[in-house]
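[1] Please find the sequence and the predicted model below.
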Amino acid sequence: MFLFIANAFAQDAAKAAAPNMWASLLPFALIFVIFYFFLIRPQRKRMKEEDALLSSLGVGDEIFTKSGMLGKITGLNDKIVTIEIADNTRVKYLRSQVGGKSKNVLGGPTK
């Protein structure tokens, strides 16, 4: 008889200790908010800055690539950038591989 009473108390204790659904979702919501502010939002900002840079490229701009190549843009289209890296030496790169604009890195005359 004692065995059946113990089981009944255990079932009542389990119901009383069951957490609220919202309380169990709160840690996941908190983790998502942290991920948003520390990972997702800064990455979106970097992507917008990179898109603005790539759309502002023009012929004659001095640039560097993500692989470290320095040169001057001699030709552009939607996906390809032609870069002059030395006299009469031109290479083609994907536009997405342009790292940024450089300020007088190529050793030209200063203003």
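    Structure's in. What do you need?
[2] Just say helix, strand or coil for the residue minimising distance to the centre of the chain.
    Ranked by distance to the mean C-alpha position of the chain (Cα atoms, centre = their mean), the top residue is Gln43 at 3.2 Å. Here Gln43 is recorded as helix under DSSP: H, G, I helix; E, B strand; the rest coil.
[3] hmm, who's touching the host helix or strand of Lys72?
    For Lys72, the element it lies in under DSSP states H and E is strand 70-76. Contact partners of strand 70-76, identified using Cβ atoms under 8 Å, 6 or more residues apart in numbering, comprise 57-65, 81-85, 90-91, 95, 102, 105-106. Bear in mind the C-beta positions are built from the backbone N, C-alpha and C, glycine included.
[4] any weak-confidence spans in this protein?
    Along the chain, the model assigns pLDDT under 70 to residues 1-19, 104-111.
[5] how about the helices in it?
    Secondary structure of the chain (DSSP state H): helices at 2-17, 21-35, 41-55.
[6] Who are the packing partners of the last one?
    I take that to be helix 41-55. strand 98-101 (3 or more Cβ pairs under 8 Å, 6 or more residues apart in numbering; DSSP states H and E).
[7] ok, now the second one?
    Counting by 3+ Cβ pairs under 8 Å, 6+ apart, no packing neighbours are recorded for helix 21-35 among the helices and strands.
[8] now that helix against helix 41-55, angle please.
    Following axes from the mean of the first three to the mean of the last three Cα atoms, to 10 degrees, one obtains 40 degrees for the angle between helix 21-35 and helix 41-55.
[9] mind giving me the domain ranges of the chain?
    Per automatic domain parsing, the domain ranges recorded for the chain read 16-56, 58-101.
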